[in-house]
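Colleague: sequence and predicted structure, then a few things I'm wondering about:
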Amino acid sequence: MFQYLVAIQRDIYLALGEQIKLLSTEGNWLAFFAFLPMGIFFGAVHALTPGHSKAVLATYLAGSEARIARGLLVSITLSFTHVTIAILIAVLSLPLVSIALGSVGRAPLLEDISRGLLGLIGAWMVWRAVRHGHHHKHEGEAVGVMAGLIPCPLTLFVMTFAIARGVPAAGIMFAGTMMIGVAVTLSCVAILSILLRERLVHLVESRPRLFYAITPSIEGFAGAALIVLALNEIFLR
């Protein structure tokens, strides 16, 4: 399955390369605009491969009180940050490349910051579960921004190629369509996580004592899982 997804991405990326080459030499924007919607499929497939903070998103939403609308907002925030950070690094590559980028498609500094902040969110969730505290209104969006700080490597490749060919606007537009595709995949992850959590809660609602015991426990376990994920990414990558 993974190899199939990689093959699809390779074919689309090669086709995109040809479109950008034609655009840079012939200025045929009409043909490029016709190809542009392929970016949505490209982004959706790319987000199915390992990474993209799917585990972080699912873990947080499974332990939160977020409804589907809030979960969608978190996933869209994550997608927007994930792609936009890559665009900014590519556009501002000269001052940032020696600071942020350690290898092709990677940004170790931003990855460590992202995982460190998510670890703090996890610790906060554990503390709140123990103290039975209240959820903050914009916590989900904050998680989306923190998880999205890791730049999308494929967007970096697309932007770098487009800039090298002298058509950065084409790279930005294609990255925008990719963002929609990434958001579609992450939104599906968010919806499934919330539906599974609500199903579990529904099963124990008829037993008040069990309900009040298990609700904070879910958040506590989710917070602990976020801490483990963060530490694993920082120290064992």
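Modeller: Right, received. Where do you want to start?

Colleague: now for the nearest residue to residue 147 once chain neighbours are set aside: which residues touch it?
Modeller: Spatial nearest neighbour of residue 147, chain neighbours left out: residue 53 (3.8 Å); criterion: Cβ to Cβ, 6 or more residues apart in numbering. Just so you know, the C-beta spots here come from the backbone N, C-alpha and C atoms, and that holds for glycine as well. Residues near residue 53 by Cβ atoms under 8 Å, 6 or more residues apart in numbering: 78, 82, 147-148, 150, 186.

Colleague: ok, and the most crowded of those?
Modeller: Among those, residue 78 has the most neighbours (other Cβ atoms under 10 Å), with 32 neighbours.

Colleague: I'd guessed it sits against residue 57; true?
Modeller: Yes: with contact defined as Cβ atoms under 8 Å, residue 78 reaches residue 57; the gap is 6.2 Å.

Colleague: which residues do those two both contact?
Modeller: Joint contacts of residue 78 and residue 57 (Cβ under 8 Å, 6+ apart) are 143-144, 147, 186.

Colleague: out of these, the closest to residue 7 would be?
Modeller: Among those, residue 186 lies closest to residue 7 (Cβ to Cβ), at 22.1 Å.

Colleague: against residue 88, how distant is that closest one?
Modeller: From residue 186 across to residue 88, the span is 20 Å (Cβ to Cβ, to the nearest Å).

Colleague: scan the protein for its longest helix.
Modeller: helix 168-204 (DSSP state H).

Colleague: that one packs against which elements?
Modeller: Secondary-structure packing of helix 168-204 (3 or more Cβ pairs under 8 Å, 6 or more residues apart in numbering; DSSP states H and E): helix 2-26, helix 38-48, helix 54-63, helix 68-91, helix 153-164, helix 208-235.

Colleague: where in this protein is pLDDT low?
Modeller: Applying pLDDT under 70 to the chain flags the ranges 51-52, 93-115, 117-119, 122, 124-125, 127-138, 204-223, 226, 229-230, 233-237.

Colleague: residues near residue 180, how many?
Modeller: Residue 180 has 17 nearby residues by other Cβ under 10 Å.

Colleague: give the contact list for it.
Modeller: So, once contact is read as Cβ under 8 Å, 6+ apart, residue 180 ends up touching 39-40, 43.

Colleague: top of those residues by neighbour count?
Modeller: residue 43 (32 neighbours).

Colleague: my guess is it meets residue 179, correct?
Modeller: Yes: in terms of Cβ under 8 Å, residue 43 counts as a neighbour of residue 179; the distance is 6.3 Å.

Colleague: which neighbours do these two share?
Modeller: residue 83.

Colleague: now the longest helix of the chain: buried residues?
Modeller: For helix 168-204, the buried set under the neighbour-count rule, 16 or more other Cβ atoms under 10 Å, comprises 168, 170-187, 189-190, 193-194, 197.

Colleague: ok, stretch 25-32 next?
Modeller: Those buried within stretch 25-32 under the rule 16+ other Cβ under 10 Å are residue 32.
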